[in-house]
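Asker: Give me a model of this one.
(one chain, ligands or ions: 2)
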Amino acid sequence: MDKINAIITNNPVGGVKYASINAGISSGKSIKLKPLYTGLCGTDRAEVSGSLSFTYNPPDQDYIVLGHEAVCQVIDVGPNVYGIKEGDVVVPVVRRAGQCVNCRIGRPDNCSDGENDIREAGVRGINGFMQDYFYDDIKNVIKINDKSMVKVATLTEPTKNVMKGFDVFDSVSKRTLFENEDSTYLNKNCVIIGTGGEAFLYAFMAREYRMNVFLTNRHDIGDYKKKIIDTIHAKFYDYTKEKMSNKIDLLIDTSGDPEAIIKFTEQLNFNGVLILFGTNGKAPAWQISGELINYIVERNITVSGSVDGAKKHYLKAVEYLEKWNYSENSVIKNLITGEFKPEDIGIFNKKPADEIKSVIKWY
Ligand code: NAP
Ligand code: ZN
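Answerer: Ligands and ions are numbered 1, 2, ... in the order given. As a prediction, the model looks like this:
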């Protein structure tokens, strides 16, 4: 059996190693893929620290290959496979459909039996993408046509979450008239809690709606992040020092912190929408008052969770990343704040200062 190098953990116990493992075999899977870049996110770090109880290794393995954000090159194509050739660049999807009705209609992101049904590369039950090569089915990849996009395309997976988040916003905001009387979203206020990778991608997209975009955190942020925020005409404020004077129309949380979420929900406008996206099972509990319930009810405020995204959201992510790659001096590239080698496994234990997105280069 061929040996390859991979970054592995043991779910749900944790730990991280750059180790030699048995290479996968094609077993009917149609394409062979070599990662070019893989991205790191909080989920990888939470797996390594052993704090995600819902994660598990593939059957018959005492480890799982990490990584669910990747851009890969096609290095071999099986027989009778059309529409893809050697040398093509693709992004593999994370979540693999199960048997429930949502999975069967192509929406594993809305799986109705998550615990038992779906599998997720690098997280639950199937190996991830941080390995020298692997095999996959053509139906699980999204082609990147513009090869100048290779590195930026590492952001496709986190961006697809944002496309789903806005899809949810589009649906739920229809229950009342959310737009202005001139049919636009101009000057609606969108506040994003958090200043990490997903928060920045949400900011890029909120701007496409022409809303006033604010990112906020409970501390100040460095000049590097501030410069990007300034370039995209968004604003940052430290909410321990300042408060929005206007009501918030769309609130997006990427912190998962109940205290912050409750504080901001009290500032939502009539017919406002709150998208809950961040998750932090370790955040302390925080009480919700009867007054706040009244506030939400009386204003027809909608609170919606949003997880993952479907293949259509990956396609939309690629479209917008292409657009952003060619506008504003390609400031989207600045979201990639660090490039590491596969052996630099220390980055799984410690987030570099001012990190937005760290990537690992595999070639
Ligand atoms: P991240 O870089 O860790 O971002 C989280 C951000 O929230 C950080 O900027 C953090 O600030 C900030 N934060 C934490 N507590 C806060 C508070 N009380 N007030 C204000 N800001 C606070 O992670 P990410 O990759 O961008 O992901 C964002 C969140 O979404 C994570 O919770 C992740 O688990 C979750 N997620 C959800 C989905 C989904 O499908 N729903 C998919 C991927 C990720 P500091 O670090 O500066 O303190
Ligand atoms: Zn399902």
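Asker: quick one: Thr9 and Gly15, what's the gap?
Answerer: Going from Thr9 to Gly15 by C-beta to C-beta, to the nearest Å gives 6 Å. Every C-beta, even on glycine, is put in place using the N, C-alpha and C of the backbone.
Asker: intersection of neighbour lists for the two?
Answerer: By the contact definition C-beta atoms under 8 Å, 6 or more residues apart in numbering, Thr9 and Gly15 are jointly contacted by Val48.
Asker: Neighbour count for those two, which is higher?
Answerer: Thr9 (26 against 16; other C-beta atoms under 10 Å).
Asker: Quick check: phi and psi on that one?
Answerer: Here is the backbone geometry of Thr9 (degrees, to the nearest 10): phi -140, psi 180.
Asker: Then Asn212?
Answerer: phi -80, psi 120.
Asker: Residues of the stretch 251-363 of the chain that sit close to ligand 1?
Answerer: Selection of the stretch 251-363 of the chain residues close to ligand 1 by C-beta under 6 Å from any ligand atom yields Thr254, Ser255, Gly256, Asp257, Ala260, Phe277, Gly278, Thr279, Asn280, Ser306, Val307, Asp308.
Asker: Could you do the stretch 51-200 of the chain as well?
Answerer: Asn161, Ile193, Gly194, Thr195, Gly196, Gly197, Glu198, Ala199.
Asker: try 5 Å this time
Answerer: Asn161, Ile193, Gly194, Thr195, Gly196, Gly197, Glu198 (C-beta under 5 Å from any ligand atom).
Asker: So the fifth one versus ligand 2, what's the distance?
Answerer: In this view, Gly196 and ligand 2 are 28 Å apart by C-beta to the ion, to the nearest Å.
Asker: Not counting its neighbours along the chain, what's nearest that residue?
Answerer: Thr254 (6.2 Å; C-beta to C-beta, 6 or more residues apart in numbering).
Asker: The one you found against Ile193, yeah?
Answerer: Yes: between Thr254 and Ile193 a contact is recorded at 6.1 Å, counting by C-beta atoms under 8 Å.
Asker: shared neighbours, those two?
Answerer: Going by C-beta under 8 Å, 6+ apart, residues that sit against Thr254 and also against Ile193 are Ala199, Gly278.
Asker: The nearest residue to Ser53 once chain neighbours are set aside: neighbour count?
Answerer: Distances taken as C-beta to C-beta, 6+ apart put Pro12 closest to Ser53, at 5.3 Å, once the chain neighbours are dropped. For Pro12, the tally of surrounding residues (other C-beta under 10 Å) stands at 17.
Asker: can you check Ser51 too?
Answerer: 14.
Asker: go on, Ala6?
Answerer: Ala6 has 27 nearby residues by other C-beta under 10 Å.
Asker: residue contacts, the residue nearest to it when sequence neighbours are not counted?
Answerer: Spatial nearest neighbour of Ala6, chain neighbours left out: Gln131 (3.6 Å); criterion: C-beta to C-beta, 6+ apart. Applying C-beta under 8 Å, 6+ apart to Gln131 gives the contacts Ile4, Asn5, Ala6, Ile7, Ile21, Pro35, Val65, Gly67.
Asker: change it to 10 Å
Answerer: 4-8, 21, 23-24, 33-35, 38, 65-67, 70, 122, 342, 362 (C-beta atoms under 10 Å, 6 or more residues apart in numbering).
Asker: From ligand 2, how far off is the residue nearest to Ser53?
Answerer: To ligand 2, Pro12 is 21 Å away according to C-beta to the ion.
Asker: Would you check that that residue makes contact with Gly125?
Answerer: No: taking contacts as C-beta atoms under 10 Å, Pro12 lies outside contact range of Gly125: 11.9 Å.
Asker: which residues are common contacts for the two?
Answerer: Thr55, Tyr56, Asn57, Ile64.
Asker: between the residues of the stretch 51-200 of the chain next to ligand 1, which is nearest Lys357?
Answerer: For these, the closest approach to Lys357 (C-beta to C-beta) belongs to Gly197, at 4.6 Å.
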